[in-house]
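Quick one, what's the 3D model for this:
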Amino acid sequence: PMTQAVMFCLMDTSASMTEFRKDLAKRLYMLLHLFLARHYRSVEIVFIRHTYTASEVDEETFFHGRETGGTVVSSALEEMLRIVDARYPVDDWNIYAAQASDGHNFDHDMPRTLSLLQQQVLPACQYYAYIEVGDESDIGGSALWDGYSKLVDSFPHFDRAHVLDSADIYPVFHKLFASGREVA
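Below is the predicted model of the structure:
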């Protein structure tokens, strides 16, 4: 079995992603990293932030940098695929991804986002988690939540959850990653 994994942390860093929302995402990424570190000899982390465009950044920039602009999720998926092709061949690496967002995406980008996930990203991943961070008023009905509902039934290694506050973090993590999920 492969003993190395890479964890892609994808996050919307547009203005609507407040510090509180980013903090919720950070807590979940930390738990995922601890989980993977218990199962693999080596775990690398790649941080990709996006608004209209995406870029790989260091951890500090990922969680604390400020950006403006709208949200084009496909840019993050394209960047992830570019990095997988360049550094993490699927025959040698177990690939995990966790995407955090408030659910916003431009309508014109949803078909491209879903196509990239279905045809390239999900087939390459051991597991892909979408975490929607926000408040009660945001629950359900976001562009990403609704769009991703089409993928949940087709891809057993794709899951999604809402996180409203820090008390939700561990139960959501347990639902997504710990409950009987086998590590490849």
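
Could I get the full set of strands for the protein?
For the chain, strands defined by DSSP state E occupy the ranges 4-12, 42-50, 54-57, 94-101, 127-133, 158-163.

leaving aside the residues next to it on the chain, what's closest to the one residue sitting closest to the centre of the chain?
Taking C-alpha atoms, centre = their mean, the centroid of the chain lies closest to Q99, which sits 1.6 Å from it. Leaving aside its sequence neighbours, Q99 sits nearest to L10 (C-beta to C-beta, 6 or more residues apart in numbering; 4.2 Å). Every residue, glycine included, has its C-beta placed from N, CA and C.

gap between the worst-scoring helix or strand of the chain on mean pLDDT and the chain center?
Across the helices and strands of the chain, the lowest-confidence element by mean pLDDT, DSSP states H and E is helix 169-173, at a mean of 80. From the chain centre to the centre of helix 169-173 is a distance of 15 Å (C-alpha atoms, centre = their mean, to the nearest Å).

Can you tell me what sits against that helix?
24, 27-28, 31-32, 35, 131, 161-163 (C-beta atoms under 8 Å, 6 or more residues apart in numbering).

biggest separation within those residues, which pair?
Maximum pairwise distance in those, criterion C-beta to C-beta, is 19.8 Å, between F35 and H162.

Switch the strands of the chain over to JSON lines; also include distance to M110 and mean pLDDT.
Shown next, in JSON lines, are those (distance: least, C-beta to C-beta, whole Å; pLDDT from 0 to 100):
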{"stretch": "strand 4-12", "distance to M110": "14", "mean pLDDT": "95"}
{"stretch": "strand 42-50", "distance to M110": "15", "mean pLDDT": "96"}
{"stretch": "strand 54-57", "distance to M110": "16", "mean pLDDT": "96"}
{"stretch": "strand 94-101", "distance to M110": "13", "mean pLDDT": "95"}
{"stretch": "strand 127-133", "distance to M110": "14", "mean pLDDT": "92"}
{"stretch": "strand 158-163", "distance to M110": "15", "mean pLDDT": "90"}
